[in-house]
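In: could you look at this predicted model? Sequence included:
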Amino acid sequence: MFTEIVATKTGLFLSVKKYEDIEPVILEIKERINNLKKLLEEGDKIGLLLHEDFNKNDLLRILKPLEENGLKVFSIQFGKPVVQLEDDKKELLSFLQKEPTIFLTKNIRSGQKFEFNGNVVIFGNVSFGAELIVGGHLIVFGTIRGNVTAGKIIGDRALVACVEFNPTNLKIGQYVLRDKQPKNYPCIVHVRNGRIVVEDYSQFKDDIFEV
Amino acid sequence: MARRIVVTSGKGGVGKTTITANLGVELAKSGERVCLIDADIGLKNLDVLLGLEDRINYTIMDVINDMVEPMDALIRHPGVKNLFFLPASQIATKDMVSHKDIERIIERIEEHFDFILIDCPAGIEKGFKNATLPAKEALIVTNPELPAITDADRVIGLLESQGMPDTNIKVIINRIKFHLMKNGNMLTKKDIENALSIDVIGILPDSDEMIIAANKGVPIVLNDSSKITKVFNNIVRRIQGELVPVEADIDIFEKSGFMGFLKTLFSKS
């Protein structure tokens, strides 16, 4: 593996490690972009993170598959890879194997029901009148308006995160949400002292992750 | 190949049939060959709105029962030469028809038309499936009210589960009321787009003209001086692929004074 897609604070980066021959690298980049096609749109920005011994004559060849897919390169950086994910990755993998996670790129609409015994990540909205039952944690990159149950299996240590929060009903483990004040900012919902609390994501301290 | 578009909503009384009739006439006026199919079997209205109720010789049931060729059953609109209409039967019920029957009819008439608009009945039962399964695109008519939007969301979900990609689904907001909009008591275009995650293709105001036109049996777009005609013209151009901003629908009413405020509301969103 010569390449890696890395998400950083400034955006998405394609990291290219040290290589002998450029051909397999290009093939790998093409495959990676193909895999990401569902998430990327034409005109999306991507950065390049290149190894310090990178042969600058190969730059155009690496840029070609990115531009063919309509991606715009906003930054090219040289140096040692900033992120060393190897150990973290193993931990993440074992976590994912223990608790399967599903990624959905669609809206859960009114009258639709979705049930999954694991973690769920949704790139879309959960509409008013939709029902969502999740065994583990739930992350919604959109608005929660429907009827949501999280932590059906893992219980009250489950977290719910969303961009906007206005549910009809929300349950975490055995607890039911009482304060249904809509929130139009990113928030994290979890159980603390036997109550479901809704916290502003920007104010959120991650000490509750120590479970 | 004709573009098959179903006009649907889920909730009743939002203006599906009126919009089907007017869109059909406006599309035909712009030179397209259009066929309207009334799939609201047992509660037909489209013929009344088009003013064609006294010209019906054959209905969709006669075509399904092979009593007449589909092209012979179509009624040509006397005023708009490119507009044809296949009426529903008032005596039959929706259970007597299957979506395959309607699909077969469309396949047989398709080559003669650019657009086939299907008027869908309210509800999500058999009649809904009959009308939507043969279609490739959908126009969802909704009012700026929560019940209508919840139903629209449900319908979009059903269409997606029937295999229609959501890029083929567009929303028309009907019956926007200006005095409520003025107070900020009505959902805006942005609210509706956020709730449905579907593009809005047209905004129509609540208008007395529409009611009068419906009672006369003359589609409002036949009156070229009406402002509503201009909105329908914009919608038609958007359907044909032209890039007309949705805000242009509001600009048409801007000169009438109280719409100025509405425009500022929408320009913020």
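Out: Done, it's in. Since the model is a prediction, treat every value here as computed from it, not as a measurement.

In: what sits against A:K30?
Out: For A:K30, the contact set (C-beta atoms under 8 Å, 6 or more residues apart in numbering or on different chains) comprises A:P65. Placement of C-beta: from N, CA and C, glycine included.

In: do A:N184 as well
Out: With contacts defined as C-beta under 8 Å, 6+ apart, the neighbours of A:N184 are A:164, A:166.

In: chain neighbours aside, what residue packs nearest to the residue in chain A that chain B sits nearest to?
Out: Across chain A, the shortest distance to chain B (C-beta to the nearest C-beta) belongs to A:R109, at 3.2 Å. Nearest-residue entry for A:R109: B:G157, 3.2 Å, with adjacent residues in sequence omitted and distances by C-beta to C-beta, 6 or more residues apart in numbering or on different chains.

In: equivalent analysis for B:A214, please.
Out: The shortest distance from B:A214 to any residue other than its chain neighbours is 5.6 Å, reached at B:L49 (C-beta to C-beta, 6+ apart).

In: where's that neighbour, which helix or strand?
Out: Here B:L49 is covered by helix B:46-50, with elements defined by DSSP states H and E.

In: same question for B:A122.
Out: Element membership for B:A122, per DSSP H and E: none, as it lies in no helix or strand.

In: same deal with B:K170?
Out: Here B:K170 sits within strand B:169-176, counting by DSSP H and E.

In: who's in contact with that strand?
Out: With contact meaning C-beta under 8 Å, 6+ apart, strand B:169-176 is reached by B:14-15, B:19, B:137-144, B:152, B:156, B:159-160, B:186, B:189, B:192-193, B:196, B:198-206, B:235, B:262.

In: A:T105: what's it in contact with?
Out: A:38-39, A:123-124.

In: over to A:N166?
Out: Applying C-beta under 8 Å, 6+ apart to A:N166 gives the contacts A:143-145, A:180, A:182-184.

In: at 6 Å instead, please
Out: Taking C-beta atoms under 6 Å, 6 or more residues apart in numbering or on different chains, we find A:N166 in contact with A:145, A:182.

In: who does A:T3 form a beta bridge with?
Out: Residues found in beta-bridge contact with A:T3 (criterion: DSSP bridges) are A:V16.

In: residues near it, how many?
Out: By the measure other C-beta atoms under 10 Å in any protein chain shown, the count of residues near A:T3 is 19.

In: circling back to that earlier point, quick one: buried residues of the helix holding B:L49?
Out: Neighbour-count burial for helix B:46-50, counted by 16 or more other C-beta atoms under 10 Å in any protein chain shown, picks out B:46-47, B:49-50.

In: convert that helix to PDB, retaining C-alpha atoms only.
Out: Output of helix B:46-50 as PDB, limited to C-alpha atoms (Å, rounded to 0.1, in the frame of the first residue of the first chain):
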ATOM      1  CA  LEU B  46     -58.600  16.200 -15.100                       C
ATOM      2  CA  ASP B  47     -61.200  16.200 -17.800                       C
ATOM      3  CA  VAL B  48     -63.200  18.800 -15.900                       C
ATOM      4  CA  LEU B  49     -60.200  21.100 -15.400                       C
ATOM      5  CA  LEU B  50     -59.300  20.800 -19.100                       C
END
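
In: which helix of chain B spans the most residues?
Out: helix B:146-161 (DSSP state H).

In: if anything else comes up later, I'll come back, but that's it for now.
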